[in-house]
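1. Sequence below, structure please.
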Amino acid sequence: MYVKGVGPARAKMLEAKGLHTVEDLLTYSPFRYEDRSNVKPISELAVGETATVLAEVRSARAPGFQKKRLGLFEAVFTDGSRVSLLGKWFHGGYLADVLQPGTRVALFGKIEFDGYSGSVMIMHPEFEILRDDDDPDTTGLHTGRIVPVYEAAGKVSTRAIRSIVWKVLESMPSRMEDPVPAAVRDKLQLPDRWQAIRDMHFPPSGTDLRLLNNFRAAGQQRLIFEEFFWLETGLTLKKNEARFQRGIAFELTDKVREQIKRMLPFRPTGAQKKVLKEIAEDMATPHPMYRLVQGDVGSGKTLVAAESAIIAIENGYQVAVLAPTEILATQHYFYFKRLLEPLGYQIVPLTGSNTAKEKASIKRALAAGTFIQMAVGTHALLEPDVEFGNLGLAIVDEQHRFGVEQRQKLMAKGRAGQHPDVLVMTATPIPRTLALTLYGDLDVSIIDELPPGRKPIVTKHAKQDRIEQVWSFVRREIDAGRQAYVVYPLIEESETQSMKAAQKMHEHLSTVVFPDLKVGLLHGKLAQDAKEAAMDAFKRGETQILVSTTVIEVGVDVPNASVMVIEQAERFGLSQLHQLRGRVGRGAEQSYCILVTEKLGDIARERIRTMTESTDGFHIAEMDLKLRGPGEFFGTKQSGLPAFRLGNIIRDKEILELARTEAGEFVGNPPSQGELQKAIRYLQDHWQRRYGLVQVG
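-> Down below sits the predicted model:
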């Protein structure tokens, strides 16, 4: 469709903002609204009110040395009455060529009184030039009404976008087909889609501005529901499609039960038993399992994964365990080896640190399918030349660090036409609503119970100027026979700088603060054998203090470690702080986490307060989402979380729940197969480009 006012240059700028089509443009929501309907002559302005004024520039200048130094620009406006209006802008020198005498403008802002000139004034008013050559079709579009304010797209200003959207809406038929199925529209009594779009961009006079700016107006809510409905419909179709693929029906024999009992190091919690039952029931069906096991740090997810692995192995299949980092893969390798090798199973590691000879040998054995029961590794497992002779179960840890594509690469390594079961684990607590969206093609199990004997970790906040007291406390714990971690953040996203900070503190602690103690060092730049040596020394108790970067965030389990000191804690996100804190509290002794900070901003102060008041990972995740937003929380590109154009999965979680329910009902019980096929075609035509994870057949 040709859009007046959008030439090749503007089209390129709009495309850079993700606006490729008219549909994209119409669902490009204003980020706020301004009520400019209060249009008044200057003579009737009252101090304290917010108003729109249509006037002409009488004079403009940057007077006086002091004002020039501050970059203060002043303009006097008149509308033909006896009084004038003063506008002031700090650092407004650029306006000298814009607001020249005789220029007609619309000014918008809060009215104040200027004691120096004795006239009414607006500081930093919003303004728009009223040109004689303005398109007559958009006259009155920018003032005298509730005005939408958009994020600019390159040099395409909010005013230009407003005009373009208006022209598009004016050129469209008054009645167009509504893509949301009629049964859903009728049931929920949804407003007309095209009227909702018009109202979102150009709200009717009298609409409550508070509702608009909080995305609570009826038209906005209808469009948010539509966005969520199509996402959830796509995920439901994808999930259903997966359920009909050919999988493996694992048998739960007496031998399986006996091996699980032999392996268990302690009596499982009720939550672990419940989740294992859900997994076992999934694995017994002839269709692939796709299940997410979510649990707080220390809740025993890996033990449940080991139990699941025994089911696959005892049925003659192999297991692949995929971890995001070498240190976590190494931790998993040692953990599974300790649990499973006594049962007669062969476990091997496969990471970037293996020599070429080791890799070749492991790959041959994996492809044979008889000698190796489990391979634990990093992205090296995903290489095209890594083949499994008989892969039955794929376990993916810390799924949010991988993309959906990587999980699918691992699944593709099963036998032709036979999909392995997939068990996804995450120690990052995710609110259930969000988990069902992020992992919409997975069933979700939650381990919400810690093993018996664990005590809640005591978390304290200390300013940097009290660090000596922190070291005194660490000394007391070590004298009592315990161990401690000291962690440093990534500084400006640089592992090298973080490593240097850790090295400097290691030297300071080992030579100045604790010269009589053994202080270890661990960071991402160490060779793999050096990392293993540092961790092994700490596990054996040979090292009393381990100075580390965030490589110990997940997977490290040393029950004797009772203190976690996190330096520059204000630099961490809440979920990362919670993950780090979870490295202690794994033994019977009381454990402590001390958050050491410099000067705190408002958000950092809220993070620290949340950590000191709560040990509930799900509450902490909720707070982290509120403070950071979902994109930053997950790393949108890595996680597969779609970039919603209208909806916000935190703000609009009630609408998301409703959309999920309605999508499930529509796919499960469509009014007719024709309606379902029509919905599938719409998804393929309109939504795959925007939401890459929604691919339905």
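2. mind checking pLDDT for A153?
-> With respect to pLDDT, A153 scores 89.
3. how many other residues sit next to it?
-> 22 (other C-beta atoms under 10 Å). For the C-beta atoms, the positions are set from N, CA and C on the backbone; glycine is no exception.
4. Can you verify my assumption that it contacts L19?
-> Yes - at 6.6 Å, A153 and L19 qualify as touching, with contact defined as C-beta atoms under 8 Å.
5. T615: what's it in contact with?
-> T615 makes contact with P456, I457, T459, R581 under the criterion C-beta atoms under 8 Å, 6 or more residues apart in numbering.
6. Check F225 too.
-> By C-beta under 8 Å, 6+ apart, the neighbours of F225 are L188, L190, I655, L658, A659.
7. Just to be sure, which of those are found in strands?
-> Residues of the contacts of F225 located in strands (DSSP state E): none.
8. on that earlier part again, now, the contacts of T615 that are in strands?
-> Short answer: these in strands (DSSP E) are T459.
9. Give me the buried subset of the contacts of F225.
-> L190, I655, L658, A659 (16 or more other C-beta atoms under 10 Å).
10. List just the nearest of those residues to T597.
-> Using C-beta to C-beta, I655 comes nearest to T597 of the buried ones among the contacts of F225, at 37.2 Å.
11. Please look at that closest one and I224 and confirm they touch.
-> Yes - assessed by C-beta under 8 Å, I655 is found in contact with I224 at 5.3 Å.
12. Listing request: residues of the stretch 551-697 of the chain with sub-threshold pLDDT.
-> 552-556, 628-643, 687-697 (pLDDT under 70).
13. Repeat the analysis, applying 90 as the threshold.
-> Low-confidence segments of the stretch 551-697 of the chain (pLDDT under 90): 551-559, 571-580, 582-583, 585-589, 598-604, 615-654, 656-657, 680-697.
14. What ranges does it have for its helices?
-> Using DSSP state H, counting those that start in this stretch, the helices of the stretch 551-697 of the chain run over 574-581, 602-613, 617-628, 630-634, 636-639, 653-668, 673-686.
15. Packing partners of the longest one?
-> Helix 653-668 makes packing contacts with helix 182-188, helix 218-243, helix 432-438, helix 673-686 when contacts are defined by 3 or more C-beta pairs under 8 Å, 6 or more residues apart in numbering; DSSP states H and E.
16. How far off centre is that helix?
-> Centroid separation for helix 653-668 versus its chain: 21 Å, with C-alpha atoms, centre = their mean, to the nearest Å.
17. Sort out which residues of it are buried, please.
-> K653, I655, L656, E657, L658, A659, R660, E662, A663, G664, F666, V667.
18. A502: which of the residues you listed is nearest?
-> K653 (39.0 Å).
19. how close does the closest one get to E622?
-> 10 Å (C-beta to C-beta, to the nearest Å).
20. And R407, by the same measure?
-> Using C-beta to C-beta, we find R407 at a distance of 26 Å from E622.
21. which of these two has more neighbours?
-> A count of neighbours by other C-beta under 10 Å puts R407 above the other of R407 and E622, at 21 against 18.
22. What pLDDT does the model give the residue nearest to that one when sequence neighbours are not counted?
-> Excluding the flanking residues, the one nearest R407 by C-beta to C-beta, 6 or more residues apart in numbering is V396, at 5.6 Å. Looking at V396, its pLDDT stands at 91.
23. Assign V396 to helix, strand or coil.
-> strand (DSSP: H, G, I helix; E, B strand; the rest coil).
24. Name whatever forms a beta bridge with it.
-> Judged by DSSP bridges, the bridge partners of V396 are L322, V424.
25. Contacts only, for it.
-> L322, F402, R407, L410, V422, L423, V424, M425 are the contacts of V396 under C-beta under 8 Å, 6+ apart.
26. how much space between it and V293?
-> From V396 to V293 the distance is 10 Å (C-beta to C-beta).
27. anything in contact with each of the two?
-> In contact with both V396 and V293: L423, V424, M425, using C-beta under 8 Å, 6+ apart.
28. Quick check: most distant residue from the centroid of this protein.
-> Distance from the centre of the chain peaks at R82, with 56.5 Å (C-alpha atoms, centre = their mean).
29. Give me the pLDDT value at that one.
-> 86.
30. Can you tell me how far it is from V57?
-> 17 Å.
31. likewise H287?
-> 72 Å.
32. Of these two, which one has the most company?
-> V57 (21 against 16).
33. The more buried one: which element?
-> Element membership of V57, judged by DSSP states H and E, is strand 50-61.
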